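Q: just to be clear, the model below is a prediction. Sequence and coordinates:
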Amino acid sequence: IGWLLGIPVLTGSIFRLPLGIMTDKYGGKWMFGGLLLVSAIPMFMLQYVDSFLGFALCSFGYGLTGAGFAVGIAYTSVWYEKDWQGRALGIFGAGNAGAAITTLVAPTLLINLTNNGADIENWRILPVIYAAALVIMAIIFVVFATNKKPATQRTLKKLMQPLKSMRVWRFGLYYFLVFGCFVAFSQWLVPYYVNVYYLPLVTAGILAAAFSFPSGVIRALGGWMSDKWGARKVMYWVLGTSVAISFLLIFPKMEIYSPGNGIMAKQAGEVTEVSETKIVAAGIEYDVIPRDGTDYNTLEGEFVFPKKETWQEAVVQEGQRVEKKELLASGETKIFFQANVWVFTFLVVILGSIWGIGKAAVYKHIPEYFPDEVGVVGGMVGVIGGLGGFVCPILFGYLLDGSGLWTSAWMFTLVISGICLWLMHSTIHKIMHREQSKLMRQNQTKQEI
């Protein structure tokens, strides 16, 4: 499943760079329209497959739609001045909400088409609906869009020149997190909810859509924030929040047992009575804490913070002789953490929204540093981010198999978030130190003059 979820994302990733270059050369109208039409063919053919290979090949074909992002970034940026590009690209990027709409609508459509699973083969109608949507959108776009290309046309060699800059690859790593992990979780959360919280498929799809939809819509806000306060400040906030929330999500639903406070004999003597509530030894009565027996698994959604249960169990028998300070009853402590589904959903929705703002902030950097190569740089950054959407579901599957923990996926995002934050901070620190040294040298030269 992880491979089938990732294959279309892989296609969308590897074709972003060449399609971004072609958009700079030929304009976005024909590239976008043609891309939608070509992608509709394998989507339509999906209705005929009945094997893993068939699913893989068709998903590889319709995954071309993912490359539309590079086309759109290059096409949109040529219409706006520098001060407006963050907002313009953010509004364009709000189209990611389509992923949320699919997560929300497709499971409901499948249930209706298959009569709640009774006519399972009717699932084949769904890809026909999506193929028709692609064709209709292609026609609308070609009819109403106006073609436009960058004013400065460059050779392929010059267009590829920015890829030598480490800045491009750094932007790509940020996008691997905020876009790649977003795409991965927009798919991964459905089986996550079903397996961890035992939710029905439709409910899982609705909650996964709650993660995806705000991230797409809020991207426009991220563009405005980047224009107003600067993409660097926004990225600091995004990465720091990503570290914090990923840390909170790494704790799984769990029960922890630990030795607690036991009972030791105050005097040597014979044990004359043992029950669930007391022990009598050497004429001294000791109160025993009985076990509550509450089944916290049945209280799903009724508490947020961990619950603690403490009890004592006798380790001696009637008639047994004990020495002073010998253990009469062992102490047991059980800590139950429910990983409340509503708290979990709230955190992932916030994280998805934060990543949506981060996606706009990353692409705000590109026209600032590479104004004449937005297509190729945006395409390359999109490739790296898209690879995250391909690699992450597969990695999540292997991490789950290896650790047995569904939350291992959040551990992975915690590590990536931490690396991105450290890399950005250290790079900015070096730049500021270099600029400060340069300013000091200039002041020293002026004083000498």
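A: Arrived safely. Treat the numbers as computed from the prediction; the structure is a model and nothing was measured.

Q: pLDDT value on the closest residue to residue 124 other than its chain neighbours, please?
A: Excluding the flanking residues, the one nearest residue 124 by CB to CB, 6 or more residues apart in numbering is residue 47, at 4.0 Å. Where C-beta positions appear, they are placed from N, C-alpha and C, glycine not excepted. Looking at residue 47, its pLDDT is 93.

Q: again, but for the one 5 residues further on
A: As summarised for this prediction, residue 52 has a pLDDT of 92.

Q: what separation do you get for it and residue 13?
A: 21 Å (CB to CB, to the nearest Å).

Q: do the same with residue 258
A: 46 Å.

Q: who has more neighbours, those two?
A: It is residue 13, of residue 258 and residue 13, that has more neighbours when counted by other CB atoms under 10 Å, with 28 against 11.

Q: I would like the residues contacting the strand or helix carrying the more buried one, please.
A: If you go by DSSP states H and E, residue 13 is part of helix 2-14. By CB atoms under 8 Å, 6 or more residues apart in numbering, the surrounding residues in contact with helix 2-14 are 52, 55-56, 59-69, 183-184, 187-188, 382-387, 389-394, 396-398.

Q: rerun at 6 Å
A: 55-56, 59-60, 63-64, 66-67, 183, 187, 383, 386-387, 389-390, 393-394, 397 (CB atoms under 6 Å, 6 or more residues apart in numbering).

Q: put the alpha carbons of the next helix or strand after it into PDB.
A: Next along the chain after helix 2-14, taking DSSP H and E as the criterion, comes helix 16-26. Written as PDB, here are the backbone C-alpha positions of helix 16-26 (Å, rounded to 0.1, in the frame of the first residue of the first chain):
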ATOM      1  CA  ARG A  16       8.600  18.700 -12.100                       C
ATOM      2  CA  LEU A  17      12.000  19.800 -13.200                       C
ATOM      3  CA  PRO A  18      11.700  19.200 -17.000                       C
ATOM      4  CA  LEU A  19       8.100  20.600 -17.100                       C
ATOM      5  CA  GLY A  20       9.200  23.700 -15.100                       C
ATOM      6  CA  ILE A  21      12.000  24.300 -17.700                       C
ATOM      7  CA  MET A  22       9.500  23.800 -20.600                       C
ATOM      8  CA  THR A  23       7.000  26.200 -19.000                       C
ATOM      9  CA  ASP A  24       9.700  28.900 -18.800                       C
ATOM     10  CA  LYS A  25      10.300  28.200 -22.500                       C
ATOM     11  CA  TYR A  26       6.800  27.700 -23.900                       C
END
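
Q: from the contact counts, what lies against helix 16-26?
A: Helix 16-26 is packed against helix 68-77, helix 374-403, with contacts defined by 3 or more CB pairs under 6 Å, 6 or more residues apart in numbering; DSSP states H and E.

Q: now those in CSV, with distance to residue 318, mean neighbour count and mean pLDDT?
A: Shown next, in CSV, are those (distance: least, CB to CB, whole Å; neighbours: other CB atoms under 10 Å; pLDDT from 0 to 100):
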stretch, distance to residue 318, mean neighbour count, mean pLDDT
helix 68-77, 76, 26, 83
helix 374-403, 46, 23, 83
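
Q: TSV for those, including distance to residue 144?
A: Putting the helices and strands packed on helix 16-26 into TSV (distance: least, CB to CB, whole Å) gives the following:
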stretch	distance to residue 144
helix 68-77	14
helix 374-403	22
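
Q: for residue 424, which of the ones you listed is the nearest?
A: helix 374-403 (14.5 Å; CB to CB).

Q: distance between the closest one and the chain's centre?
A: 11 Å (CA atoms, centre = their mean, to the nearest Å).

Q: what helices or strands is it leaning on?
A: Using 3+ CB pairs under 6 Å, 6+ apart: helix 374-403 touches helix 2-14, helix 16-26, helix 68-77, helix 166-175, helix 182-197, helix 341-369.

Q: what comes up buried for the second one?
A: Buried residues in helix 16-26, counted by 16 or more other CB atoms under 10 Å: 16-17, 19-25.

Q: swap in the first one?
A: Applying a neighbour-count criterion of 16+ other CB under 10 Å, one finds 2, 5-14 buried in helix 2-14.

Q: so which of these comes closest to residue 332?
A: The closest of the buried residues of helix 2-14, once distances to residue 332 are taken by CB to CB, is residue 2, at 39.6 Å.
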